[in-house]
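Chemist: predicted model and sequence follow; I will ask about them next.
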Amino acid sequence: MTVIVDTTAWYAYFVVKDLFHHEAIGYFQTKPQLITTNIVFEETLALIHHRQGKRVAVAASKNIHEICGANLRYIS
């Protein structure tokens, strides 16, 4: 199954205090093929940086690349 991941799902995955964190972790552990876009990527990092700080945003950046790999799609 291929899933397009939006900012809300990424935020829930990376932020332990998010209401849907456990659900996001559980879903991502089912290992669906994930796709996200550069715009969602940038929006997610900006939101995490604003709410959680630079350290968490940098860690999330590295993890999104590892999780999605080549499935980070660039749109204009």
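Modeler: Looks like it came in fine.

Chemist: what segments of the chain are helices?
Modeler: Applying DSSP state H to the chain gives helices spanning 7-14, 21-28, 38-52, 54-68.

Chemist: and residue 8, what does it touch?
Modeler: Residues counted as contacts of residue 8 (C-beta atoms under 8 Å, 6 or more residues apart in numbering) are residue 20. (Each C-beta comes from the backbone N, C-alpha and C, glycine too.)

Chemist: which helices and strands does the helix or strand of the chain with the lowest mean pLDDT pack with?
Modeler: Taking mean pLDDT, DSSP states H and E as the measure, the chain has strand 72-73 as its least confident helix or strand, at a mean of 82. For strand 72-73, the elements it packs on are strand 33-37, helix 38-52, judged by 3 or more C-beta pairs under 8 Å, 6 or more residues apart in numbering; DSSP states H and E.

Chemist: residue 74 is nearest to which of the helices of the chain?
Modeler: Proximity of those to residue 74 was assessed by C-beta to C-beta; the nearest stretch is helix 38-52, lying at 4.8 Å.

Chemist: off-centre distance for the closest one?
Modeler: 9 Å (C-alpha atoms, centre = their mean, to the nearest Å).

Chemist: shift numbering so it begins at 276
Modeler: Done: numbering now begins at 276, and the last item shifts to helix 313-327.

Chemist: I'd like to know which elements that helix is packed against.
Modeler: helix 282-289, helix 329-343, strand 347-348.

Chemist: and the angle for it with helix 282-289?
Modeler: On the basis of axes from the mean of the first three to the mean of the last three C-alpha atoms, to 10 degrees, helix 313-327 is oriented at 50 degrees to helix 282-289.

Chemist: look up the closest residue to the most centrally placed residue in the chain, ignoring the ones flanking it.
Modeler: In the chain, the centroid-proximal residue (C-alpha atoms, centre = their mean) is residue 285; its distance is 2.8 Å. Leaving aside its sequence neighbours, residue 285 sits nearest to residue 319 (C-beta to C-beta, 6 or more residues apart in numbering; 4.3 Å).
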